[in-house]
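S.K.: give the three-dimensional model of this entry:
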Amino acid sequence: MATFPMTNRRQVGEPRKMHGSLLAAGVLIFLTAIGWLATNLQPPPFAPTAQPAAAPATVPLRDGLPAPVARFYRNLYGEQAPVIESAVISGRGTMRIPQFFNLTLPARFRFVHEAGQSYRHYIEVSLFGLPVLKVNIKVDTSLTAKGP
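M.R.: I've put the predicted structure just below:
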């Protein structure tokens, strides 16, 4: 009767070989870390907008304002309120994609409103701080508005 040597058999005191399990665990930890980094690294903020050099035009407060409103404006501005012609709002935050396992990604945005003329919003969703989705919509209200 022939005997064959058992080469795959572990000797007493020899450590167990778990290369496949360790490799799989290492890959899983690496992918988890990359995914966490991709979704938590914030994009840089937008550059600040240019500030006007001159003081804004003002108008006198209207008569007949409700008492709390009139008191608020008088405390804030005095008898002359500034005429607001445009506004720019910029910021950073997160956007959730419910169709993709409620994945939450970092984003930055800028909204520009020119009173009576146009409105624009620009949004960037990013991975690793780099934009992967951009939304840029401008509505020109002076062309779409109907006069009397």
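
S.K.: and Leu65, backbone torsions?
M.R.: Dihedral pair for Leu65: phi -70, psi 150, per degrees, to the nearest 10.

S.K.: next one: Ala24
M.R.: Here is the backbone geometry of Ala24 (degrees, to the nearest 10): phi -60, psi -40.

S.K.: now do it, the pLDDT please.
M.R.: Ala24 is assigned a pLDDT of 89 by the prediction.

S.K.: all strands for the chain, in order.
M.R.: With DSSP state E, the ranges of strands along the chain come out as 58-60, 80-82, 86-97, 103-114, 118-127, 130-140.

S.K.: which pLDDT value goes with the residue nearest the centre of the chain?
M.R.: Of all residues in the chain, the one closest to the mean position by CA atoms, centre = their mean is Ala107, 1.8 Å from it. With respect to pLDDT, Ala107 has a value of 95.

S.K.: can you name the residues that contact it?
M.R.: 43, 92-95, 123-126 (CB atoms under 8 Å, 6 or more residues apart in numbering). C-beta: built from backbone N, CA, C; applies to glycine.

S.K.: in a markdown table: those residues, plus neighbour count.
M.R.: Converted to a markdown table, the contacts of Ala107 look like this (neighbours: other CB atoms under 10 Å):
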| residue | neighbour count |
| --- | --- |
| Pro43 | 18 |
| Arg92 | 15 |
| Gly93 | 11 |
| Thr94 | 12 |
| Met95 | 16 |
| Ile123 | 17 |
| Glu124 | 20 |
| Val125 | 18 |
| Ser126 | 22 |
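
S.K.: and these, which is closest to Leu31?
M.R.: Ser126 (19.2 Å; CB to CB).

S.K.: name the nearest residue to that closest one, ignoring sequence neighbours.
M.R.: Pro43 (4.3 Å; CB to CB, 6 or more residues apart in numbering).

S.K.: shouldn't that neighbour be in contact with Phe109?
M.R.: No. Applying CB atoms under 8 Å, one finds Pro43 not in contact with Phe109, separated by 10.3 Å.

S.K.: what touches both of those two?
M.R.: With CB under 8 Å, 6+ apart as the test, Pro43 and Phe109 both reach 92, 124.

S.K.: noted, bye for now.
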